[in-house]
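>>> From the sequence below, what's the structure:
(chains A, B and C)
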Amino acid sequence: MSKAQPVFALIDCNSFYASCERVFRPDLARVPIVVLSNNDGCVIARSYDAKPYVKMGEPYFQIKHKLQKHGIVPFSSNYALYGDMSERVMTLIESMVPAVEVYSIDEAFADLTGIDGRDALGRKIRSHVLRCTGIPVGVGIAHTKTLAKLANHTAKRLQAQTGGVVDICDPFKRDWVLRNTDVAEVWGVGRKMKLHLDAMGIKTAMDLAKADPWTLRKKFSVVIEKTARELVGTPCLELDEPDPPKQEICCSRMFGKRLTELAPIKEAVATYMMRASEKLRAQQSLCKKIRVSIRTGMFNPEEAKYANGVLIDMPYPTDDVRLLTKAAVDALDRVFRPGFKYSKAEVLLMSLCQQGEYTDDMFATSQPIDTTKLMVVLDQINGRWGRGTLRSASVPVNPDWGMRREMMSRSYTTKLDQLWTVLCQ
DNA sequence: TCTGGGGTCCTAGGACCC
DNA sequence: TCTGGGGTCCTAGGACCC
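Model (predicted):
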């Protein structure tokens, strides 16, 4: 007997950040809302009823008046809240299906191979997640990941007709969706690829499904070849193993205002390194190389532009925040040029290896000092009492270059002093 | 005079995703 | 005045080897 054809579900939270905000603000259930990026820069999420008025990525300062005019309420992004709500949603999904790959903060693939009553299960997941967390999700079901994405997209587009669940394992339904979807909506087709495909007369998802995979591979790459094969139902992508350790870890952020002096930039880099090294230790990795870079603003033609970075080789792989911070901060002297208005710094941890995989260098001049215990205690304290409770002295508490977040909601689920207050009469 | 070819490893950069 | 952040994968090209 041949192996059962695989079945994937893609479960995706609707307007996730906006939905999270609404859970704790029932008074805004019928008021359109948007969520802004760090520094209240641009729009990164819109509730369903805000979509007709606001485009994704629109700069906040340009649309303030428009928001007011339509009564749209803006929020600064509150990642502590979204991260915690995401964990709750994913835990519920994991309890209902045999295998899950958490793909992003608001999406998960599930393996539904060999399961009867897929549509009913999809609806059950939807109602269960909604009841337990208040977050609405859409479910797309198909024989490949790329098709499941497309099914999910259709479920959202035709919410009223589909109830948020679409199964296109049936070839007739699949072809209907392929014919009625623009190729730009296909997972893996971005802005550039859309232009190339357009020139070849490939307009719909169906056109791409019918294109010759070998030609696509020769002309572009194996990535788009796989996409085309997945569209006709040939699986090229599997359900990934949970959480393989990252190969690079990055922390970069715009400053809350332009910086011209070296000292505050050093503070920022120390702060970003604190966060990056937390992530490094959370996945039990060590880091051998660091890249630190700084840049000026890119949009304002009046401002002089400068961007530069420096690569630092650590003498041995480490996860010690003190060593990493010193190396990064010292290296800034080499890239900082006076006379520019800096807007952003970035810390990148590279050449990662797992703890225990690494062998000491017999001839190295400086030998590793075992700081594992110290770092474990550091992470325990910060895990219990909040990030930044224990930190290096180079990291300020309330820097004046910090993020602008003027419209942030409370950390309803992660901070004891910000819990919801319910009044009983 | 004639001046190969195939392989690996590393890095930078492009494209894409959410 | 004010335009996000954090990733992955693939490819091309250079250095180096035999």
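
>>> Please identify the buried residues of the helix or strand containing A:Tyr316?
In this structure, A:Tyr316 is located in strand A:307-318 according to DSSP states H and E. In terms of neighbour count (16 or more other CB atoms under 10 Å), strand A:307-318 has its buried residues at A:310, A:312, A:314, A:316-318. (Glycine included, C-beta is placed from N, CA and C.)

>>> swap in stretch A:343-354?
Going by 16+ other CB under 10 Å, stretch A:343-354 has these buried residues: A:343-349, A:352.

>>> next one: stretch A:65-81
Within stretch A:65-81, the residues that qualify as buried are A:67, A:72-78, A:80-81, counting by 16+ other CB under 10 Å.

>>> Let me know the closest of those to A:Tyr48.
Distances from A:Tyr48 to the buried residues of stretch A:65-81, taken as CB to CB, are shortest for A:Ile72 (12.2 Å).

>>> Hmm, A:Pro32 and the closest one touching each other?
Yes - contact criterion CB atoms under 8 Å: A:Ile72 and A:Pro32 qualify, at 4.6 Å.

>>> Quick check: neighbours shared by those two?
Residues touching both A:Ile72 and A:Pro32 (CB atoms under 8 Å, 6 or more residues apart in numbering): A:50, A:53.

>>> what about the stretch 201-350 of chain A, any weak spots by pLDDT?
Scanning the stretch 201-350 of chain A for pLDDT under 70 picks out A:241-244.

>>> Residues of it that sit close to DNA strand C?
Within the stretch 201-350 of chain A, the positions near DNA strand C by CB under 7 Å from any atom of the strand are A:221-223, A:246-254, A:258, A:275, A:279, A:297, A:299-300, A:343-344, A:346.

>>> go again using 6 Å as the cut-off
Counting by CB under 6 Å from any atom of the strand, the residues of the stretch 201-350 of chain A close to DNA strand C are A:221-223, A:246-254, A:258, A:279, A:297, A:299-300, A:343-344.

>>> Looking at these, which are in helices?
Residues of those located in helices (DSSP state H): A:222-223, A:279.

>>> First-to-last residue distance for stretch A:149-164?
Taking CA to CA, to the nearest Å as the measure, stretch A:149-164 stretches 13 Å from start to finish.

>>> buried stuff in it?
Neighbour-count burial for stretch A:149-164 flags A:149-157, A:162-164 (criterion: 16+ other CB under 10 Å).

>>> residues making contact with that stretch?
A:10-12, A:14, A:123, A:126, A:136-142, A:165-168, A:177-178, A:181, A:185-187, A:205, A:231.

>>> where do the strands sit along chain A?
For chain A, the strands defined by DSSP state E occupy A:8-13, A:33-36, A:43-46, A:73-76, A:99-104, A:107-111, A:137-142, A:165-167, A:249-259, A:285-296, A:307-318, A:342-354.

>>> And the helices in the stretch 301-425 of chain A?
For the stretch 301-425 of chain A, applying DSSP state H, counting those that start in this stretch gives helices covering A:321-335, A:372-385.

>>> From those helices, pick the one with the highest average neighbour count.
For those, the largest average neighbour count (mean count of other CB atoms under 10 Å) is found in helix A:321-335, namely a mean of 18.

>>> With that, I have no additional questions.
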